[in-house]
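Need the 3D shape of this:
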Amino acid sequence: MALKPLISIIGTTGVGKSRLAIDLALAMSNHGHEHGWHTAKVINSDSMQVYSGADVITNKVPESERRNVEHLLMSFKEPGEQYVVGQWVNDAIKEIDELHRHKILPVVVGGTAYWMQHLIFPNRLTSFDDPHKVMGQPGHVAAPRHSVALQKALSSLPGPLLDLFLNLPSNPDPGQAFALHTLLSMLDPHVASRWHWKDTRKVLRNLEIISEKGLLASELLIQQAQCADTPRYPTLIFWLFSNPDILHKRLDARVHDMIQEGLLNDVRLLQRTALSGSPHIDVSDIDTTSGIFQAIGFKEFINYLSAQSPSQKQYDEAVERTKVSTRQFARRQVQWIRNKLLPAVNSANKSGVKTPVFLLNVTDLDKWDVEVRDVAARIAHGFLEGRDLPDPRSLSLTADSMLNIQAETPSPHAILDARRKVICDVCTTNPEQPMMVEDGQEWNDHMQSRRHRRMRRVRIHPKALQHNREARACTNCLDSEGDLALTFPCLTET
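From the prediction side, this is the model:
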């Protein structure tokens with residue numbers, strides 16, 4: 001019997017994670033079992049749902065659908081606040097320990113697999129000893145000795161970048177973003193390739209870690225990889241998975257549902273929050289890489305809502321961008337589970353601490369009660385009673401395929417390279433503000449995009465770049481939708 005058990009529900013957006021959490025919480029109270037856990041509460045692990053308001057854009061389950069099941073760590077932070085993984089892990093541990101004291105089962109659910117993994121497996125946070133570390137506020141520690149690799153990297157820095165490293169800004173202005181990314185690229189290219197140059201908060205945090213520890217961030221990751229993964233609690237994990245083709249159609253439909261439910265009102269609310277107290281800031285200066293402003297739909301619609309005369313074309317493009325961003329996010333969630341969480345689980349299982357992961361196929365929602373709810377309840381009760389559980393890969397062919405990963409944990413460099421950002425030279429018009437896209441599917445999508453194909457034409461024609469700036473007034477160079485054409489007819493004879 002698990003003494004201090006934890007049930008975790010993971011999966012992509014749009015697969016019903018909150019629904020299953022509520023079902024399991026009710027299953028604890030509706031059945032008499034020997035394990036003694038007769039009530040449960042849900043703990044939110046979605047990094048967007050910790051913020052109050054903006055319920056549509058963050059996809060919170062409505063109060064009317066929670067069926068009186070209490071949800072903790074939800075809607076308790078103001079939209080303008082920063083709240084990071086280390087803070088959430090500490091808060092979640094406090095809630096879990098309190099629930100255990102009262103014999104209440106914690107069911108942790110959310111799409112931020114990064115948070116979930118650091119809750120289940122301790123001592124893996126990149127911020128290390130100080131989970132409350134705030135960007136730009138160094139800890140009171142003695143200056144560390146630099147590793148050989150860091151000494152070599154520092155010696156190759158040009159003077160201005162070395163000075164920047166020795167005097168990292170506490171609140172960098174937008175003009176420093178690319179310089180900070182360049183600095184990280186020269187010090188630790190594997191880590192730098194993971195971040196977009198606009199993601200100043202994470203770039204700066206990595207530089208602070210290097211400065212504080214005297215080691216490259218990649219060196220610290222290698223040290224972590226050599227430690228055994230031991231779960232903090234006896235944990236049962238349910239992974240809700242849907243066939244991608246079906247899921248993508250479901251996600252596209254959900255975007256339209258969210259618009260009907262008030263998505264644009266949430267974007268306006270967040271825009272006012274971002275601009276409040278800063279009369280000189282423009283919407284283009286809003287940091288969409290931190291806090292609730294990362295919510296999908298905000299950056300996709302902000303320009304449309306800020307336009308003086310928004311057009312139907314702008315609206316349609318914003319809708320499509322939201323759909324694309326949602327599908328890309330779902331792909332990244334699966335990648336994280338397979339490339340990071342499952343290897344950690346396998347490592348724990350090898351050490352003798354079983355952390356079972358059961359994949360439940362939610363492709364056909366009409367079969368939810370029988371194939372998802374009831375199966376999960378049976379497995380959960382068996383886990384809590386300490387009974388032998390079925391082989392997770394035996395549940396379905398999908399489970400057998402998706403849970404079958406390489407036996408050895410991938411190297412830290414391989415994990416970092418899996419989300420490598422690459423520069424598109426064709427679409428970069430300012431070398432200090434390069435166009436960056438994630439390698440893989442997003443890069444393939446970008447290569448086929450209208451923008452890239454148009455810019456490729458611009459690069460080929462010697463006079464096209466200047467003409468591209470003026471073509472709005474050239475009817476020969478506009479397509480049927482009033483947008484810049486992929487060719488420039490009036491330049492073909494010049």
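
remind me, longest helix of this protein?
helix 312-336 (DSSP state H).

centroid residue for this structure?
residue 112 (6.1 Å; CA atoms, centre = their mean).

what sits against the nearest residue to that residue once chain neighbours are set aside?
Closest residue to residue 112 apart from its sequence neighbours, by CB to CB, 6 or more residues apart in numbering: residue 47 at 4.3 Å. The C-beta positions use only the backbone N, C-alpha and C, and glycine is treated the same way. For residue 47, the contact set (CB atoms under 8 Å, 6 or more residues apart in numbering) comprises 83, 85, 88, 110, 112, 115, 294.

want to throw these into CSV with distance to residue 269 and secondary structure?
Shown next, in CSV, are the contacts of residue 47 (distance: CB to CB, whole Å; DSSP: H, G, I helix; E, B strand; the rest coil):
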residue, distance to residue 269, secondary structure
83, 18, coil
85, 25, helix
88, 23, helix
110, 22, coil
112, 22, coil
115, 24, helix
294, 15, helix
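
Out of those residues, which end up buried?
Neighbour-count burial (16 or more other CB atoms under 10 Å) applied to the contacts of residue 47 gives 83, 85, 88, 110, 112, 115.

Quick check: closest non-adjacent residue to the first one.
To tie it back to what came earlier, the one meant is residue 83. Nearest residue to residue 83, sequence neighbours excluded (CB to CB, 6+ apart): residue 77, at 5.0 Å.

Is the one you found bridged to anything, and to what?
residue 51 (DSSP bridges).

Confirm for me that residue 365 is in contact with residue 16.
Yes. At 7.2 Å, residue 365 and residue 16 qualify as touching, with contact defined as CB atoms under 8 Å.

The two: who's more crowded?
residue 16 (20 against 14; other CB atoms under 10 Å).

Among the buried ones among the contacts of residue 47, which one sits closest to residue 23?
Closest to residue 23 out of these is residue 110 (16.0 Å), distances taken as CB to CB.

and the gap between the closest residue to that closest one other than its chain neighbours and residue 328?
Nearest non-adjacent residue to residue 110, counting by CB to CB, 6+ apart: residue 45, 3.2 Å away. Here residue 45 is placed at a distance of 21 Å from residue 328 (CB to CB, to the nearest Å).

where along this protein do the strands fall?
Along the chain, the segments classed as strands by DSSP state E run 6-11, 40-44, 71-72, 105-109, 235-241, 357-361, 421-423, 436-438.

Measure how the fifth one sits relative to strand 105-109, angle-wise.
What it means is strand 235-241. 30 degrees (axes from the mean of the first three to the mean of the last three CA atoms, to 10 degrees).

Report the contact partners of residue 6.
Applying CB under 8 Å, 6+ apart, one finds that residue 6 lies in contact with 96, 106, 108, 120, 232, 233, 234, 235, 236.

What about the fourth one, how many residues nearby?
Put plainly, it is residue 120. For residue 120, using other CB under 10 Å, the count is 25.

ok, now the third one?
The tally of other residues near residue 108 (other CB under 10 Å) stands at 27.

correct me, but it touches residue 46?
No. The pair residue 108 / residue 46 is not scored as a contact, 10.4 Å apart, by CB under 8 Å.

Spit out the contact partners of the closest residue to residue 423 other than its chain neighbours.
Once flanking residues are discounted, residue 423 sits nearest to residue 434: 4.5 Å by CB to CB, 6+ apart. Applying CB under 8 Å, 6+ apart to residue 434 gives the contacts 178, 197, 423, 424, 428.

Now do the same for the third one: its pLDDT.
Meaning residue 423. Note for residue 423: predicted pLDDT of 87.

As a check, name the ranges of all helices in the stretch 51-200 of the chain.
85-101, 113-120, 148-155, 159-166, 177-187, 189-192, 200-213 (DSSP state H, counting those that start in this stretch).

can I get the CA coordinates of the second one in PDB?
Same thing as helix 113-120. Extracted in PDB, the C-alpha atoms of helix 113-120 (Å, rounded to 0.1, in the frame of the first residue of the first chain):
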ATOM      1  CA  ALA A 113       5.100  18.500 -18.100                       C
ATOM      2  CA  TYR A 114       8.200  20.400 -17.100                       C
ATOM      3  CA  TRP A 115       6.600  21.300 -13.800                       C
ATOM      4  CA  MET A 116       5.200  17.800 -13.300                       C
ATOM      5  CA  GLN A 117       8.600  16.200 -13.900                       C
ATOM      6  CA  HIS A 118      10.300  18.400 -11.300                       C
ATOM      7  CA  LEU A 119       7.700  17.700  -8.800                       C
ATOM      8  CA  ILE A 120       7.900  13.900  -9.200                       C
END
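
From the contact counts, what lies against that helix?
Packed against helix 113-120, as judged by 3 or more CB pairs under 8 Å, 6 or more residues apart in numbering; DSSP states H and E, are the following elements: strand 6-11, helix 85-101, helix 312-336.

check contacts around the residue lying closest to residue 193 once chain neighbours are set aside.
Spatially, and ignoring its direct neighbours in sequence, residue 193 is nearest to residue 420 (4.4 Å; CB to CB, 6+ apart). Neighbouring residues of residue 420 by CB under 8 Å, 6+ apart: 193, 194, 438, 439.

closest to residue 267 among the residues you listed?
Closest approach between the contacts of residue 420 and residue 267, by CB to CB: residue 438, at 23.7 Å.

And the closest one, how far from residue 363?
When residue 438 is compared with residue 363 (using CB to CB), they lie 26 Å apart.

Neighbour count for these two, which is higher?
The neighbour comparison of residue 438 against residue 363 (other CB under 10 Å) goes to residue 438, with 20 against 16.

do you know how far the more buried one is from residue 64?
Counting by CB to CB - residue 438 and residue 64 are separated by 37 Å.

do the same with residue 207
For residue 207 relative to residue 64 (CB to CB), the value is 46 Å.

if I look at the nearest residue to residue 437 once chain neighbours are set aside, how far off is residue 332?
Counting by CB to CB, 6+ apart, residue 446 is the residue found nearest to residue 437 once chain neighbours are left out, at 4.6 Å. Applying CB to CB, the value for residue 446 to residue 332 is 15 Å.

same deal with residue 196?
Distance from residue 196 to residue 332, counting by CB to CB: 13 Å.

Same question for residue 15.
14 Å.

So those two - more neighbours on which side?
Shown here are residue 15 and residue 332; by other CB under 10 Å, residue 15 has more neighbours (27 against 18).

Touching, that one and residue 240? I think so.
Yes. If you go by CB under 8 Å, residue 15 and residue 240 touch, sitting 4.2 Å apart.

anything in contact with each of those two?
Both residue 15 and residue 240 are in contact with residue 362, where contact means CB under 8 Å, 6+ apart.

And residue 434, what's its pLDDT?
pLDDT, residue 434: 87.

Residue 349: what's it in contact with?
Taking CB under 8 Å, 6+ apart, one finds residue 355 in contact with residue 349.

Could you report the neighbour count for the residue nearest to residue 314 when sequence neighbours are not counted?
Take residue 314 and drop its neighbours on the chain: the residue closest to it by CB to CB, 6+ apart is residue 304, 4.7 Å away. Residues lying near residue 304 (other CB under 10 Å) number 19.

check contacts around residue 113.
Residues in contact with residue 113 (CB under 8 Å, 6+ apart) are 10, 333, 336, 337, 340, 341.

Check the gap between residue 34 and residue 26 for me.
Residue 34 is 19 Å from residue 26, where distance means CB to CB.

actually residue 234, sorry about that
Counting by CB to CB, the gap between residue 234 and residue 26 amounts to 22 Å.

same question, residue 330
Taking CB to CB as the measure, residue 330 and residue 26 are separated by 27 Å.

the more surrounded of the two?
Set residue 330 next to residue 26 and count neighbours by other CB under 10 Å: residue 330 wins out with 22 against 17.
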